[in-house]
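# Just to be clear, the model below is a prediction. Sequence and coordinates:
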Amino acid sequence: MAYKRVLINIPEELLEEVDRVARLEHCMRSEFVREALRYRIARSNFESSLARLRAQADNDYPEADVDRDVAGALAEARAARKSGIAA
C-alpha cells in the first residue's frame, strides 16, 4: 500500500489525548490515526447502508429481508474493519 504524507491541524488537547491512547495501545501516532480514520469511514458506510435499508423497510420491505440485509451489512463492516479496508 502506498502512503501519502498529510498535514492536519488539530487542537493541542486532542493531540495529547491521541498520544496518550496510542501509548496505551502500544502503537505509533500515525498507526492510531489511520485506524481511527478507517473506523470512521466504515461506520459512515455502515450507517449509510442502514439508512438505505430503513428506507426500503418503509416501502413494505419484508422484515425477514431487513434482518438478512442488516446482518449482511454488519458482516461486511466487520470484514472491512478486520482487513483494514473501509467498506
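Cool, got the structure.
# hey, let's count contacts and neighbours off CA atoms from now on
Fine.
# ok, now how distant is V6 from R34?
Using CA to CA, to the nearest Å, V6 is found at 12 Å from R34.
# of the two, who's got more company?
When neighbours are counted by other CA atoms under 10 Å, V6 and R34 differ, and R34 comes out ahead with 12 against 5.
# check which helix or strand covers the more buried one.
helix 29-57 (DSSP states H and E).
# Just list what that helix packs against, helices and strands only.
If you count contacts as 3 or more CA pairs under 8 Å, 6 or more residues apart in numbering; DSSP states H and E, helix 29-57 packs onto helix 12-24, helix 63-83.
# Same list (those helices) but as CSV, adding distance to R52, mean pLDDT and mean neighbour count.
What follows is these, written out as CSV (distance: least, CA to CA, whole Å; pLDDT from 0 to 100; neighbours: other CA atoms under 10 Å):
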stretch, distance to R52, mean pLDDT, mean neighbour count
helix 12-24, 33, 97, 13
helix 63-83, 10, 80, 14
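# quick one, which of those is nearest to A2?
Closest of these to A2 is helix 63-83, at 16.0 Å (criterion: CA to CA).
# Which elements pack onto the closest one?
Counting contacts by 3+ CA pairs under 8 Å, 6+ apart, helix 63-83 packs against helix 29-57.
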